[in-house]
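Colleague: generate a structure from the sequence data that follows.
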Amino acid sequence: MTIPKKIQQQANQLRATLNEHSYFYYVLDDPKIPDSEYDRLMRELQALEAQYPELITPDSPTQRVGATPLPNFAEVIHSQPMLSLSNAFEEGEVHDFDKRLRERLGVAEAEIEYAAELKLDGLAVSLRYEQGLLVTAATRGDGNRGEEVTGNVKTIKTVPLKLRGKDFPPVLEVRGEAFMPKAWFDKLNQQQVGRGEKPFANPRNAAAGSLRQLDAHATAARPLDFICYAVGQVEGRELPNRHSDILNQLQRWGFPISKYSQVVMGPQGCLTYYQQILTQRDQLPFEIDGIVYKVNSLVQQEQLGFVSRAPRWAIAHKFPAQEALTQVEGIDVQVGRTGALTPVARLAPVNVGGVTITNATLHNQEEIHRKDIRVGDTVIVRRAGDVIPEVVRVLLEKRPPRTKLFQVPTQCPVCGSQVLRPEGEAVARCTGGLGCPAQRKQAIQHFASRRAMNIEGLGEKLVEQLIDGNVVANLADLYILTTKQWAELERMGEKSAANIISALNKSKSTTLERFLYALGIREVGESTARVLAQHFGSLEPLMRATEEELQTVPDVGPIVAKHIFAFFQQPHNLDVIQRLQEEAKIHWTESQPTSPKALPNALPLAGQTYVLTGSLSSMTRDEAKEKLQALGAKVSGSVSKKTSCVIVGEEAGSKLDKARELGIKMIDEQEFLELVK
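Modeller: Residues are numbered from 1 along each chain as shown. A predicted model of the protein is given here:
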């Protein structure tokens, strides 16, 4: 359909006008027209685009919502890593941070200029613009890889779809925080409760859950906000050489920046700003958990560089954990995947740091004895690290009469099996194994989790039905259930059942390290599963390995070796593994073992033991370990006479002194990089 020139001009004008007023309203908080006039202009543009679909452009304000729901999120590899920050909790740590920077910059007597910003409690996102148009939005993920959430980010009205002006770079990546303001969070939770649904725990969880909706319409119904705080990749244009000036330039291009940010001088300027914001914290329209100090000069930032995954030139000064008084109404016992019994305090609901707390882990019997926690006690509750609720102490003067100290039961509260506490361990465990429904539930949830077999859709409620209804006895049974059997479960249907079957089939092609982690062997986390897979190359030699052979694997000590060996001695476990491979057809690509015993001459560092101390600027400690292990070396956590070489990074500790004392060979980071080449 040919679009009349007059209509094309009218649409262009409407888009420009709406984008201009969105900038004044959302970015500058200075609206120039009433909401009713904005709505009238929007309806006029929508009517034109409905009549002439060819008019629709990616930057049209009508396109903030409208994409079809996604089946899943695509992976995005960040052009530059999204780094984390080191933390400071005390004023002295801020002074130490400033002193280190001045010494490194060679300006010991001068004051450094800092940009001080709020540390928003939301979800970090990266926005990529090409030729002024938003093309990709991604979550932080693990810092190197995130999830693409472009359609959902487009629903955030403070995120520009098209940049303002003409002088922006051809490629511009902007980093910032997506968050949910307190007022919107309260309103959303009222709606959740009104619909009979579970309210969100806090604004951060609400923001993260909203941004990861597969349907952008669902995200749009949960209003989010955005504030930018940095840039990533920039091509084709020089930016100012001060961080604060970059933010001001970003605002001119259409991005919202925090009006609370300040440029301050020296550590005292940072701490004064910290105290000012701390007194305003409860009155702010959004949640924050601290302050971020950044060296304002980009020249100095470049001089200072990075340590591991964090910049040297920035630090997060966290606020103290918030505390509140409440009462212990009861103590329950939860049974975990490995049979561990964990006592949990059921608390009278109390708001701590913007979150309603109803329970707190008591860890184990020793912890209960140490703090003398009893049902009926009035206690101080704190969100440890602003996240995990914990009972700090009991107010003994408020203790009611005739209270009794809680004792972990001698029989499992779920299956009735005997509870034992192994010598030397603080944790009591149910001896029922996978015969215990609680352990089976936890085992299946772990097996299906994202970092294990990644069986999408197999959540807690579904697992409970499978176990409580005796539908599944072990892990292998998951793969033999028919679509009809899945569809007969509560809140399931043919379509949901087909999705579960599809997810199960997809999970059959995996890796050895994921499979090992998914089995839930005690003390075998992702890192240990990875080194086991690399060391043995395939499952069979690992299953046959003795405890002594297992201890030759890097970072596998006597205790871990004992748990691995015991796991593969259990007939039930061997049966499940056989069924998973033969009946369920779970498979992976075999690899060559890195075991020095298997390949005595193939790897250059076979038989040698390396120790890492201090921080490396070019990679993380884990990445360095992987490189050494790939060359056949064993990487140890301590220096001994058996150590072949110590790699010395910055701010090395006592391991350096020990190496000097024993006369162990030492190399710096540059020599290490040459070695692994």
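
Colleague: from here on, contacts and neighbour counts on C-alpha atoms
Modeller: Noted.

Colleague: mean confidence for the helix or strand where Ala16 lies?
Modeller: Secondary-structure element containing Ala16, defined by DSSP states H and E: helix 5-22. Mean pLDDT, helix 5-22: 87.

Colleague: for that helix, buried residues please.
Modeller: Buried residues in helix 5-22, counting neighbours by 16 or more other CA atoms under 10 Å, are found at Ala11, Leu14, Arg15, Leu18, Asn19, His21, Ser22.

Colleague: for it, name the packing helices and strands.
Modeller: With contacts defined as 3 or more CA pairs under 8 Å, 6 or more residues apart in numbering; DSSP states H and E, helix 5-22 has these neighbours: helix 35-51.

Colleague: what about Arg164, which SS state?
Modeller: What DSSP: H, G, I helix; E, B strand; the rest coil gives for Arg164 is coil.

Colleague: mind listing what it touches?
Modeller: Arg164 makes contact with Gly132, Arg252, Trp253, Gly254 under the criterion CA atoms under 8 Å, 6 or more residues apart in numbering.

Colleague: what do you get if the cut-off is 10 Å, keeping everything else the same?
Modeller: The neighbourhood of Arg164, defined by CA atoms under 10 Å, 6 or more residues apart in numbering, consists of Asn19, Glu20, Tyr23, Gly132, Leu250, Gln251, Arg252, Trp253, Gly254, Phe255.

Colleague: where's the dip in pLDDT among these?
Modeller: The weakest per-residue confidence within the contacts of Arg164 falls on Tyr23 (77).

Colleague: how about that residue: what's its closest non-neighbour residue?
Modeller: What sits nearest to Tyr23 in space, not counting adjacent residues and going by CA to CA, 6 or more residues apart in numbering, is Gly254, at 6.3 Å.

Colleague: surely that neighbour is in a helix?
Modeller: No - under the criterion used here (three-state DSSP), Gly254 is coil, not part of a helix.

Colleague: check which helix or strand Leu250 maps to.
Modeller: Taking DSSP H and E as the definition, Leu250 sits inside helix 243-252.

Colleague: can you put the buried residues of helix 5-22 in TSV and add distance to Pro400?
Modeller: Converted to TSV, those look like this (distance: CA to CA, whole Å):
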residue	distance to Pro400
Ala11	73
Leu14	69
Arg15	68
Leu18	64
Asn19	63
His21	62
Ser22	59
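
Colleague: so what's the residue count around the residue nearest to Tyr23?
Modeller: As a burial measure, Gly254 scores 24 neighbours (other CA atoms under 10 Å).

Colleague: now Tyr517
Modeller: Other residues within reach of Tyr517, judged by other CA under 10 Å, total 23.

Colleague: contacting residues around the strand or helix carrying it?
Modeller: Element membership for Tyr517, per DSSP H and E: helix 512-518. Outside helix 512-518, the residues within contact range by CA under 10 Å, 6+ apart are 443-454, 475, 507-509, 523-534, 537-539, 577, 586-591.

Colleague: next structured bit after that helix?
Modeller: Once the chain leaves helix 512-518, the following helix or strand, as judged by DSSP H and E, is helix 526-536.

Colleague: related to what we said a few turns ago, for the helix holding Ala16, output the C-alpha coordinates as PDB.
Modeller: Backbone C-alpha positions of helix 5-22 (Å, rounded to 0.1, in the frame of the first residue of the first chain) are rendered in PDB as follows:
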ATOM      1  CA  LYS A   5       3.300  11.800   1.800                       C
ATOM      2  CA  LYS A   6       1.100  13.800   4.100                       C
ATOM      3  CA  ILE A   7       0.300  10.800   6.300                       C
ATOM      4  CA  GLN A   8       4.100   9.800   6.400                       C
ATOM      5  CA  GLN A   9       4.900  13.400   7.600                       C
ATOM      6  CA  GLN A  10       2.100  13.300  10.200                       C
ATOM      7  CA  ALA A  11       3.400  10.000  11.600                       C
ATOM      8  CA  ASN A  12       6.900  11.200  11.800                       C
ATOM      9  CA  GLN A  13       5.800  14.400  13.600                       C
ATOM     10  CA  LEU A  14       3.700  12.400  16.100                       C
ATOM     11  CA  ARG A  15       6.600  10.100  16.800                       C
ATOM     12  CA  ALA A  16       9.000  13.000  17.300                       C
ATOM     13  CA  THR A  17       6.600  14.800  19.500                       C
ATOM     14  CA  LEU A  18       5.800  11.800  21.700                       C
ATOM     15  CA  ASN A  19       9.500  10.900  22.100                       C
ATOM     16  CA  GLU A  20      10.300  14.500  23.000                       C
ATOM     17  CA  HIS A  21       7.600  14.600  25.700                       C
ATOM     18  CA  SER A  22       8.600  11.200  27.000                       C
END
